[in-house]
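Visitor: coords please:
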Amino acid sequence: MKIREYLLGLMIDLQFFSTLPVHRSINMDRLSIRRAVMMFPFFGLILGVINGLIFIILSEWTPLSPLALSFVIWILPILLTGGIHLDGWMDTSDAFFSYQDKEKRLEIMKDPRAGAFAVISVIVLLASRFLFIYESLVHTIFGMAVIIAIIPVFSRSVMGCLMVLSASAKEEGMAFYFKKHTEPRLLLSYLIPFLLMGLGLLMLLPELLVIFLSFITLTVMAGYWISRQTVKLFGGMTGDTLGASVEGVEVLLWMAVWLSAYIGMQ
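Guide: Numbering: from 1, shown residues only. Take a look at the predicted model:
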């Protein structure tokens, strides 16, 4: 029964936050929501493994250039999620750079139109991520599939932590609905995938342990900063700020991989 509950929670994540087909009606009760939040890291792992496996197949059995491979790795997360988190990034950027009070920022976030700051920020985000992926791929072939697979685990874990631990800016929306059915102790379950990843890397790919530990450090720092800023600027988290956190953490981790590759080739 327990396994079935967790699988249902994972299916909720797939339905709400990805384009992967899940043709099943699931009761959105308190238990299901709790399980869905607990499964965020495993949901991220599914997305990452899909991306990593496609990278392995294309790099081993096709003549695609590093540039073409980088494009595939860059665009696949957008296709797998339907750009849902990019939408949050754009809305949050418009509100963040508006320099208005909290209430006005929340109004700007709800506006379906994309402003100049949204367009500029998403171009910078996507261009930066493509640069980091391409140069990392060119100079760090070893373990790249594993890196691709685990980055979404970190970003979805941050989303879960912020959802559960941060105050809500408004008492409406999907983020608030998820939050009101959860409690902080649920996040203890996040230790399991990270311990498994750490042990796996220690036994099979110890060369990646430094990157893994740097990911943990950067993720904790980014999560703390995002939490402080959302409370200060918006009065708490919203679905848009959670989406923005996913995109921001992922580009930050790709930057860490890029920097390690750059240092390694000097």
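Visitor: For burial, what's the neighbour tally of F130?
Guide: Neighbourhood size, F130 [other C-beta atoms under 10 Å]: 18. Using the backbone N, CA and C atoms, a C-beta is placed for each residue, glycine as well.
Visitor: just M38 next, same as before
Guide: By other C-beta under 10 Å, the residues close to M38 number 23.
Visitor: now Y134: how far from H23?
Guide: Counting by C-beta to C-beta, to the nearest Å, the gap between Y134 and H23 amounts to 36 Å.
Visitor: actually A244, sorry about that
Guide: Using C-beta to C-beta, which is the criterion applied here, A244 is 30 Å from H23.
Visitor: was I right about D94 contacting I120?
Guide: No. With the criterion set as C-beta atoms under 8 Å, D94 and I120 do not qualify as a contacting pair; they are 10.0 Å apart.
Visitor: which of those two has more neighbours?
Guide: When D94 is set against I120 and neighbours are counted by other C-beta under 10 Å, the residue ahead is D94, at 23 against 14.
Visitor: so who does that one touch?
Guide: With contact set as C-beta atoms under 8 Å, 6 or more residues apart in numbering, D94 has these partners: I108, M109, D111, A114, G115, F117, A118.
Visitor: any weak-confidence spans in the stretch 1-150 of the chain?
Guide: 1, 141-142 (pLDDT under 70).
Visitor: returning to what we had before: among A244 and H23, which residue is more densely surrounded?
Guide: A244 (28 against 5).
Visitor: Contacts only, for that one.
Guide: H85, G88, W89, D91, T92, S93 are the contacts of A244 under C-beta under 8 Å, 6+ apart.
Visitor: The same query, at a cut-off of 10 Å, please.
Guide: Neighbouring residues of A244 by C-beta atoms under 10 Å, 6 or more residues apart in numbering: 85-93, 95-96, 121, 125, 159, 226, 230, 237-238.
Visitor: Got the confidence number for it?
Guide: Per-residue confidence (pLDDT) for A244: 92.
Visitor: Could you tell me how far it is located from S93?
Guide: Using C-beta to C-beta, which is the criterion applied here, A244 is 7 Å from S93.
Visitor: which residues do the two both contact?
Guide: Between them, A244 and S93 share the contacting residues S121, L125, judged by C-beta under 10 Å, 6+ apart.
Visitor: count of residues packed around I54?
Guide: Counted with other C-beta under 10 Å, the neighbours of I54 add up to 16.
Visitor: Then A116?
Guide: Other residues near A116 number 10, with proximity taken as other C-beta under 10 Å.
Visitor: The one 5 residues further on too?
Guide: The local packing of S121 (other C-beta under 10 Å) involves 20 other residues.
Visitor: Now, of the contacts of D94, which are buried?
Guide: Among the contacts of D94, those buried by neighbour count (16 or more other C-beta atoms under 10 Å) are I108, M109, G115, F117, A118.
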